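Engineer: Sequence first, predicted coordinates after that:
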Amino acid sequence: MGHQVVKPRNSKSNSKAKSVIKPKIAKRDRIKSKLKTEQNNLLASSVFELNLALKSNLKSGSSEVLTFSNLLKDSKEDESKKERLKNQKQETDNDMLRQLKDISDFSL
C-alpha cells in the first residue's frame, strides 16, 4: 500500500507542525465501502417509500379503526367460536369413548 503525504494548510500558523503521513486507501476498500453505503442507502430509501405509502393509506381512510362496537362484536364472535369448539371436542371425546367401549366389548 502506498502512503500519501499531507502537508499543513497554513504554513504561518503551523510552522513547527510536521507533515503527516496517511496510508492510502486501497481501491478495493473504496469500492467495498461504496457498495456498503449504496446498499444502506437503498434500504433506507425503501423504508422511506413504505412509510410514505402507509401515510397515504392513512390519509385516504383505508385504515380500520377499532371502535367499541367492533370490539364487542368481535368478542361475541370469539365466545361463540370457543363454545362451538368446546362442543366439538366433547362430541369427539364421547365418540372415542364409545368406540373404545365397542372395541373392548367385541374382543371379549
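Structural biologist: Yep, it's here.

Engineer: Show me the strands in this structure, by range?
Structural biologist: 3-6, 20-23 (DSSP state E).

Engineer: mean pLDDT for those strands: which is lowest?
Structural biologist: Here the lowest mean pLDDT among these goes to strand 3-6, at a mean of 59.

Engineer: And Leu85, what's its pLDDT?
Structural biologist: Leu85 carries a pLDDT value of 96.

Engineer: Adjust the sequence numbering to begin at 35 for everything that follows.
Structural biologist: With 35 as the first residue, the last one maps to Leu119.

Engineer: burial count for it?
Structural biologist: Around Leu119 sit 10 other residues, with neighbours defined as other Cβ atoms under 10 Å. C-beta coordinates here come from the backbone N, C-alpha and C atoms, glycine included.

Engineer: And the pLDDT for Gln133?
Structural biologist: In the prediction, the pLDDT value recorded for Gln133 is 91.

Engineer: One more: Lys58?
Structural biologist: 82.

Engineer: Check the gap between it and Glu113 for me.
Structural biologist: Note on Lys58: its distance to Glu113, by Cβ to Cβ, to the nearest Å, is 73 Å.

Engineer: What of Ser138?
Structural biologist: Noted for Ser138: a distance of 38 Å to Glu113, by Cβ to Cβ.

Engineer: Same check on Gln124?
Structural biologist: The spacing between Gln124 and Glu113, counted by Cβ to Cβ, is 17 Å.

Engineer: Over to Gln133?
Structural biologist: The span separating Gln133 from Glu113 equals 31 Å under the rule Cβ to Cβ.

Engineer: mind giving me the domain split of the chain?
Structural biologist: Domain assignment for the chain by automatic domain parsing gives 61-97, 100-142.
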